[in-house]
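K.L.:
model the following, please.
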Amino acid sequence: MIIRQMSEEDLPRVYAIAMSSLDEYYLPEVFSYFLNQWPGGQIVACSAAGKVIGFICGSRLGPDRVGIALLAVERQNRCQGIGSELLATLRRRAVTEGAYTVQLEVRIENKAAIDFYRARGFIIAESLPMFYSNGGDAIRMIGTTVQNS
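P.N.:
Just a heads-up that it's a prediction; the model follows:
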């Protein structure tokens, strides 16, 4: 597996993974926005052959805080440490830029994602009723950039 910074050429593949893996609809332009907003926070995981198989989109939320906007790994490549490595890479990049807090939102019923983040040092900070476009509830989770992941 190869972890590297996302490029414009990766966007069609990243979008395809997002649409097949996430339960919220995103416009393709969202991924270009993240890439332009914080290039270092957009990271892809590639197979040995170079095919993008996962990604994480981070955003700068302030001088000492970053957010995880999106994280997805192709279904057939899950449970292989790819998501963990993407998260760890984002944390390392954030800390080199002076950010020490990471936050994210996750659907309250997404137990697998909540467990994934809890196992990597995140805690539930607050409930977000009707957070998603379909009225679904979320929770905000907070972690640090220096946590072992």
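K.L.:
next, count neighbours for V102.
P.N.:
Counted with other Cβ atoms under 10 Å, the neighbours of V102 add up to 28. The C-beta positions use only the backbone N, C-alpha and C, and glycine is treated the same way.
K.L.:
now do the helices in this structure.
P.N.:
11-21, 29-37, 82-96, 111-118 (DSSP state H).
K.L.:
tell me, what residue is most central in this structure?
P.N.:
Nearest residue to the geometric centre of the chain (Cα atoms, centre = their mean): L71, 3.1 Å.
K.L.:
ok, it touching A45?
P.N.:
No. Using Cβ atoms under 8 Å, L71 is not in contact with A45; the gap is 10.4 Å.
K.L.:
which neighbours do those two share?
P.N.:
G54, F55, L86 (Cβ atoms under 8 Å, 6 or more residues apart in numbering).
K.L.:
so for the biggest strand by length in the chain, what gets flagged as buried?
P.N.:
Taking DSSP state E as the criterion, the chain has its longest strand at strand 52-62. For strand 52-62, a neighbour-count test (16 or more other Cβ atoms under 10 Å) marks V52, I53, G54, F55, I56, C57, G58, S59, R60 as buried.
K.L.:
distance check, the residue of the chain positioned farthest from its centre against D137.
P.N.:
In the chain, the greatest distance from the average C-alpha position (Cα atoms, centre = their mean) is reached by A49, at 22.7 Å. Counting by Cβ to Cβ, to the nearest Å, the gap from A49 to D137 is 40 Å.
K.L.:
just flag the most distant two among the buried residues of strand 52-62.
P.N.:
Maximum pairwise distance in these, criterion Cβ to Cβ, is 25.6 Å, between I53 and R60.
K.L.:
poorly predicted segments of this structure, please.
P.N.:
Within the chain, the segments meeting pLDDT under 70 span 147-149.
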